[in-house]
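> build me a model from this:
(one chain, ligands or ions: 2)
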Amino acid sequence: MIPTFINKWFSKKSRPENTSGQSVVLSRDQHQVSRKQISSNALKVLNRLHRANFEAYLVGGGVRDILLGLQPKDFDIATNARPEQIKRLFRNCRVIGRRFRLAHILFGHEIIEVATFRASHSEESPHGQQHESGILVRDNVYGSLEDDARRRDFTINALYYSSSDFTVRDFTGGLEDLKKRQLRLIGDPTTRYGEDPVRMLRAVRLATKLELAIEQSTAKPIASHAHLLKNVSTARLWDESHKLLLAGYAKATVEALRQYGLFEYLFPATDKALKIAPDDSLSTFINEALDSTDERARQEKPITPAFLYAVFLWQPLQTRAEQLLAQGMSHNDAYHKAMGQVIQEQNSFISIPKRFSMVIRDIWSLQPRLEYRNHKSFKLLEHPKFRAAYDFLVLRSKADETLASSATWWTRFQETGPEGQRSMTQALSKRKKPKKRPGGRKRNFRSKPSNKDSNRHS
Ligand code: ATP
Ligand code: MG
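Numbering: from 1, shown residues only. Ligands and ions are numbered 1, 2, ... in the order given. Here you go, the predicted structure:
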């Protein structure tokens with residue numbers, strides 16, 4: 001489907017060509033961006049900047065999504081005002097960022113990001129500081145509007161809308177690319193990925209979310225440059241992983257990340273587990289989790305990134321624990337140690353803040369307690385992470401039918417009233433007690449119980 005605005009523009013016989021880098025200015029009647037589609041707070045910011053005689057444009061995802069007929073997620077503004085000048089204009093302004101200094105104008109929950117026009121720069125540039133790996137670590141070289149367009153990532157992200165003369169400006173061929181529904185990097189792809197490897201993740205994410213093709217020269221270097229993600233800070237990758245996993249397109253995005261060879265630099269242990277999996281039960285489990293996360297995002301239900309991390313690292317946890325068990329460690333000790341090791345190894349790629357790794361551990365630790373129910377089981381309902389752990393068990397049961405009886409039991413247990421819960425737990429106490437394991441230790445964790453075990457609960 002080609003958006004009507006573009007038809008309007010492209011149907012004009014004398015349309016200006018922009019493949020040679022000429023700029024295109026669409027007047028009000030040549031496009032369909034209107035103030036009605038822009039948040040009133042973003043318009044307030046644009047108007048105040050204009051009144052103070054600064055240039056100011058809506059740019060990035062806001063313009064792109066409106067032109068694609070979609071509702072923008074947020075609104076970004078570019079201006080020739082410097083951060084300190086912006087701060088003087090807005091009381092509700094916070095200047096943030098090291099790599100890019102940006103102004104955030106706060107309106108309750110809505111944040112309008114205002115960035116000063118910047119120029120891109122080559123390695124010789126005295127202002128843009130480059131790490132030895134080629135990555136830009138500081139990028140505060142101010143520039144003109146056109147410079148600002150050229151330092152952006154993709155052509156379709158470098159379209160500017162002015163709320164004062166109602167024009168849309170394109171310096172890099174973004175309108176042509178929108179029409180072709182393709183994502184194309186501005187400039188030389190290898191250099192641009194080298195400067196900021198996160199652009200590879202953005203390419204995959206935006207192409208998946210917007211159903212665009214990644215233009216050939218933009219797509220080709222990704223596989224051979226994927227390893228550059230090792231140079232990106234692990235904290236930044238944690239933030240990026242949210243955009244990849246929590247925006248409602250996680251399943252398609254993970255599939256694309258795997259295809260482009262990027263996933264192994266984000267979740268290496270998961271990638272390896274998937275590659276060596278003897279059957280499709282692991283991919284079923286992961287895909288079910290991704291699907292259900294996407295569904296929650298669509299329904300605007302709260303989502304914790306810890307849940308998907310717990311899913312991704314579940315099989316690596318089993319493998320590591322089995323290795324430790326084989327070395328003679330007790331179940332409790334083996335699983336405890338394996339949890340720490342698996343999380344620590346993941347942290348060297350994407351650092352998981354402590355408060356999230358605690359949740360991951362909780363979800364994991366609750367699994368055996370949900371599987372092996374007893375008369376004290378009802379207490380688990382009060383555990384703050386019960387619901388996440390239950391959802392996790394349900395997903396596991398979809399990939400492993402031996403867990404179905406436990407999952408169904410917990411579903412019924414939550415649905416029934418106190419009377420029903422009492423009789424369900426009483427019925428559990430009447431079951432034959434499981435035999436003690438040699439050495440008297442209770443089995444603590446399992447990835448896959450035997451049929452005999454699971455029948456205990458049915
Ligand atoms: P989304 O819909 O996910 O918000 P977006 O393109 O608006 O997509 P943002 O992260 O909000 O993404 O970035 C706003 C704009 O800043 C982008 O459209 C792009 O012009 C520019 N930008 C963001 N990240 C980069 C980058 N790594 N390199 C160059 N330009 C970037
Ligand atoms: Mg945005």
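> going forward, measure contacts between C-alpha atoms and count neighbours the same way
OK.
> and the helix or strand where L58 lies, what's buried?
According to DSSP states H and E, L58 maps onto strand 56-59. Residues of strand 56-59 classed as buried: 56-59 (neighbour count, 16 or more other Cα atoms under 10 Å).
> just stretch 367-385 next, same as before
Neighbour counts over stretch 367-385 (16+ other Cα under 10 Å) mark 367, 369-374, 377-378, 380 as buried.
> for that stretch, what is the average pLDDT?
Averaged over stretch 367-385, pLDDT sits at 87.
> now the end-to-end length of it.
Criterion Cα to Cα, to the nearest Å; first-to-last residue distance in stretch 367-385 is 11 Å.
> contacts for that stretch?
359, 362-363, 386-387, 389-390, 393, 403, 406-407, 410, 421, 425-426, 428-429, 444-446, 457 (Cα atoms under 8 Å, 6 or more residues apart in numbering).
> would you mind checking the residues you listed for buried ones?
So, by 16+ other Cα under 10 Å, the buried ones in the contacts of stretch 367-385 are 359, 362-363, 386, 389-390, 393, 403, 406-407, 410, 421, 425, 428, 444-445, 457.
> can you flag which of those belong to helices?
359, 362-363, 386, 389-390, 393, 406-407, 410, 421, 425, 428 (DSSP state H).
> just name the closest of those residues to R28, please.
R28 lies nearest to V359 out of these, by Cα to Cα, at 50.9 Å.
> what does the stretch 51-200 of the chain put close to ligand 1?
60-61, 73-74, 152-153, 157-158, 198-199 (Cα under 6 Å from any ligand atom).
> most surrounded residue in those residues?
Neighbours here mean other Cα atoms under 10 Å. Within these, the largest count is held by A158, at 27 neighbours.
> quick one: residues contacting it.
Contacts of A158 (Cα under 8 Å, 6+ apart): 59-60, 149-150, 152, 170-172, 174.
> mind pulling up the pLDDT for it?
pLDDT recorded at A158 is 98.
> and the buried residues of stretch 367-385, which two are the farthest apart?
Q367 and F378 (14.5 Å).
> what about the nearest residue to C93 once chain neighbours are set aside, which SS state?
Excluding the flanking residues, the one nearest C93 by Cα to Cα, 6 or more residues apart in numbering is I105, at 4.4 Å. The three-state label given to I105 by DSSP: H, G, I helix; E, B strand; the rest coil is strand.
> show me what I105 is bridged to.
C93, I112 (DSSP bridges).
> quick one: it and R94 touch, right?
Yes: here I105 reaches R94: they are 6.5 Å apart, a contact under Cα atoms under 8 Å.
> flag whichever of the ones in helices among the buried ones among the contacts of stretch 367-385 scores worst on pLDDT.
Where pLDDT dips furthest among these: L428, at 81.
> and that one, how close does it get to S283?
Per Cα to Cα, L428 is found 33 Å from S283.
> now the strand holding L58, how far from the chain's geometric center?
Offset of strand 56-59 from its chain centre (Cα atoms, centre = their mean, to the nearest Å): 25 Å.
> run through the protein and note the low-pLDDT ranges.
1-22, 99, 121-140, 431-458 (pLDDT under 70).
> coming back round to it: nearest to A207 among the buried residues of strand 56-59?
Taking Cα to Cα as the measure, A207 lies nearest V59 of these, at 18.2 Å.
> any idea whether the residue nearest to the closest one when sequence neighbours are not counted is helix, strand or coil?
Counting by Cα to Cα, 6+ apart, Y160 is the residue found nearest to V59 once chain neighbours are left out, at 4.8 Å. Classification of Y160 by three-state DSSP places it in strand.
> OK, contacts around Y160?
57-60, 63, 168-170.
> and of those residues, the nearest to ligand 1?
G60 (3.2 Å; Cα to the nearest ligand atom).
> wait, that closest one touches N157, no?
Yes: if you go by Cα under 8 Å, G60 and N157 touch, sitting 4.3 Å apart.
> what residues sit buried inside the helix or strand where E322 lies?
Secondary-structure element containing E322, defined by DSSP H and E: helix 314-326. By neighbour count with 16+ other Cα under 10 Å, helix 314-326 contains the buried residues 314-318, 320-322, 324-325.
> swap in stretch 156-165?
Buried-residue list, stretch 156-165, by 16+ other Cα under 10 Å: 156-163.
> break this protein down into its domains, please.
Per automatic domain parsing, the domain ranges recorded for the chain read 4-180, 267-457.
> L282: neighbour count?
L282, neighbours per other Cα under 10 Å, totals 21.
> so it is in which element?
helix 281-298.
> show me what that helix is packed against.
Applying 3 or more Cα pairs under 8 Å, 6 or more residues apart in numbering; DSSP states H and E, one finds that helix 281-298 contacts helix 250-259, helix 305-312, helix 386-399.
> elements contacting the longest one?
Right, the one you point to is helix 386-399. By 3+ Cα pairs under 8 Å, 6+ apart, helix 386-399 packs against helix 281-298, helix 305-312, helix 354-371, helix 404-415.
> hey, which of these is tucked in deepest?
helix 305-312 (a mean of 21; mean count of other Cα atoms under 10 Å).
> so what's the residue count around D280?
Using other Cα under 10 Å, the number of residues around D280 comes to 11.
> L313 too?
L313: 22 neighbours (other Cα under 10 Å).
> my read is that it contacts P268, right?
No: using Cα under 8 Å, L313 is not in contact with P268, being 9.8 Å away.
> residues in contact with F154?
With Cα under 8 Å, 6+ apart, F154 has these contacts: 174, 183-186.
> ok, and the closest non-adjacent residue to it?
Computed as Cα to Cα, 6+ apart, the closest residue to F154 that is not its neighbour in sequence is L185, at 4.3 Å.
> same question for H227.
Y265 (6.6 Å).
> and the gap between that neighbour and ligand 1?
17 Å (Cα to the nearest ligand atom, to the nearest Å).
> ok, A226 - contacts?
197, 200, 260-262, 265.
> mind checking the SS state of G328?
G328 - assigned by three-state DSSP - is coil.
> and for it, the neighbour number?
For G328, using other Cα under 10 Å, the count is 10.
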